[in-house]
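Peer 1: Quick one: sequence and predicted model below, then my questions.
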Amino acid sequence: MKNKLAVFSSMVAVLALAGVLAGVQPAKASVWSDFYDKYLKPFIVLPQNAVKPVAPAPELYAPTVEYENAVIKTVEKASPAVVSIVVSKDLPVLEECPYDPFSGFDSRFLGRGFSFTIPCPSSGKTEKRTIGGGTGFVVSEDGLLVTNNHVVADTKAEYTVLLNNGDKYVATIVARDSSRDLALMRIAATGLTALPLGDSDTIRLGQTAITIGNALAEFENTVSVGVVSGLARNVTAENGQGQIETIDNVIQTDAAINPGNSGGPLLNLKGEVIGINTAVVSDAQSIGFAIPVNKAKNVISSFRQTGRIIVPYLGVRYVMTDAGAKITGDKESAVVKGSPADKAGLKEGDIILSIDGANLSKTRTLSSVVEARKVGDVLVLKVRRREGDLTIEATLVEKPE
């Protein structure tokens, strides 16, 4: 006990001396630090569970700032090239016409005083109305745009394009590719900002994905950010005209895609287009799909070279299995009569295992391989049939309208 009191008394004396010295002359930080380390620190014993002081954290981590700046710059760079598409059509003017639901009945049993009206077409009058909308983006400064085919599927409708700066143009549909759900539009404008096209073959799971589009056909230039959450998905979707379409090898993302975003770009942090937004799962959250941009590259290249979209064609209906592409038609013919597949001798029930030595799979589908080829290419198919495996050659032709 005496030893502890002696130590305590010594500490008090030292502190008092330090106060006197501080009153005589202001002590520099280094002097006080040396004094503390030499005379005070040896007498201070922290308990084992004492909380040690922690250096204050920076206000914001540098990587966070860099990431936010990258997203902002991408949006600022891309927005002028993203357009809103307004779909309008001449529709009959509806009027209120009288309607008697009890016509033909004896009014003595039904009573009187009933008065009904229902909407009915007027005599030949029509008015232009907005019936839908979507998104597109500029791919060349002379006014060539990309969008989804299902956005512009109505051949009797009119399409108006709204630029980010408010300019409005009537758009012409110059080419369609229903098999890839892509379409090309043109507007009478020059000097436009075009989006650079990336390489969808290099996409990796988890990388940042940014969408810009006309959400719900109401909120123009809506931005959402997420990640690439799946690759090589195969989806079946309704195209808005009551038709069911299957799209192979699409990109899945959790960046919010809404009706109206269709046809808009899916971007990476470099501001490059990596996909074209095409579909959402209506009964889920944060599950959307985009067509890989490399498919659009083929469409654009074909149009620039020939003035139309030339699609290579084999002529089979199939489902992908673990083994390969099984030819099956359900309610339709599995092998289209007169097609390259028909001429090559393919039959319903055949499984195409590989093409030119490369195996097919759920991530390397038959259609993705065919789309990457050209009209006139000869495909060497390894096929499994009940009798055994065989090799068949088929020459691709242009897909008929």
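Peer 2: Thanks, I have it. Numbers count the residues shown, from 1 in each chain.
Peer 1: how about the helices in the stretch 201-350 of the chain?
Peer 2: If you assign secondary structure with DSSP state H, counting those that start in this stretch, the helices in the stretch 201-350 of the chain sit at 293-306, 340-344.
Peer 1: how about the ones you listed, which one is nearest D199?
Peer 2: Closest to D199 of the helices of the stretch 201-350 of the chain, according to C-beta to C-beta: helix 293-306, at 6.8 Å. Heads up, the C-betas are built off the backbone N, CA and C, glycines and all.
Peer 1: R233: neighbouring residues, count only.
Peer 2: Neighbour count of R233, defined by other C-beta atoms under 10 Å: 18.
Peer 1: Ok, R204 next?
Peer 2: Other residues lying near R204 total 8 when counted by other C-beta under 10 Å.
Peer 1: okay, now the domains of the chain?
Peer 2: Here the chain is described, according to automatic domain parsing, as comprising the domains 2-43, 200-306, 312-398.
Peer 1: any idea which of those domains is most buried?
Peer 2: domain 200-306 (a mean of 19; mean count of other C-beta atoms under 10 Å).
Peer 1: of the helices of the stretch 201-350 of the chain, which approaches V75 most closely?
Peer 2: In terms of C-beta to C-beta, the element of these nearest to V75 is helix 293-306, at 18.0 Å.
Peer 1: Could you list the low-confidence segments of the stretch 1-150 of the chain?
Peer 2: Counting by pLDDT under 70, the stretch 1-150 of the chain shows low-confidence ranges at 1-62, 94-96, 99-124.
Peer 1: Where do the strands of the stretch 301-401 of the chain begin and end?
Peer 2: With DSSP state E, counting those that start in this stretch as the criterion, the stretch 301-401 of the chain has strands at 312-313, 318-320, 325-327, 351-355, 358-359, 378-385, 388-395, 397-398.
Peer 1: meant to ask about the stretch 151-300 of the chain, not that
Peer 2: 158-162, 168-177, 182-186, 208-215, 219-238, 244-253, 265-267, 273-280, 288-292.
Peer 1: and the ones you listed, which one's lowest on average pLDDT?
Peer 2: Within the strands of the stretch 151-300 of the chain, confidence is poorest for strand 244-253, with a mean of 81 (mean pLDDT).
Peer 1: And that strand, what does it pack against?
Peer 2: strand 208-215, strand 219-238, strand 273-280, strand 288-292, helix 366-371 (3 or more C-beta pairs under 8 Å, 6 or more residues apart in numbering; DSSP states H and E).
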